[in-house]
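>>> structure, please.
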Amino acid sequence: MTKLLKNVKWILLPFTIIAFLLFVNAVTDSTGISSDEEGLMYGAWILVIVNVCLFVFNKKWQKTIDNWM
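Prediction:
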């Protein structure tokens, strides 16, 4: 479990890229973001923020996992 939590940034990275590409595709179509695509927009931005934070605060995340387990 510890190894999985320590590598969660690499596990989330493909999902983040896919969600963000789907978001870019939804934004650039002729209708823009419709009400049913808002969830995709929020999900993509949340994944980007979480993934960036995991990369930036990697040492703190590793230390937190070590202390918790």
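>>> so what's the closest residue to residue 47 other than its chain neighbours up against?
Once flanking residues are discounted, residue 47 sits nearest to residue 16: 4.2 Å by C-beta to C-beta, 6 or more residues apart in numbering. Yep, even glycine has a C-beta here, placed from its N, CA and C like the rest. Under the criterion of C-beta atoms under 8 Å, 6 or more residues apart in numbering, the neighbours of residue 16 are 44, 47, 48, 50, 51.
>>> name the member of those residues with the most neighbours.
The member of the contacts of residue 16 surrounded by the most neighbours (other C-beta atoms under 10 Å) is residue 44, with 22 neighbours in all.
>>> buried stuff in the helix or strand hosting residue 42?
Residue 42 belongs to helix 38-56 when assigned by DSSP states H and E. Residues of helix 38-56 classed as buried: 40, 43, 44, 47, 48, 51, 54 (neighbour count, 16 or more other C-beta atoms under 10 Å).
>>> so which of these comes closest to residue 20?
residue 44 (4.8 Å; C-beta to C-beta).
>>> distance check, that closest one against residue 8.
Residue 44 sits 18 Å away from residue 8, taking C-beta to C-beta, to the nearest Å as the criterion.
>>> correct me, but residue 2 touches residue 64?
No - the pair residue 2 and residue 64 fails to qualify as a contact (C-beta atoms under 8 Å) at a distance of 11.2 Å.
>>> quick one: stretch 24-37 to chain centroid distance?
Relative to the chain's own centre, stretch 24-37 is displaced by 20 Å; criterion: C-alpha atoms, centre = their mean, to the nearest Å.
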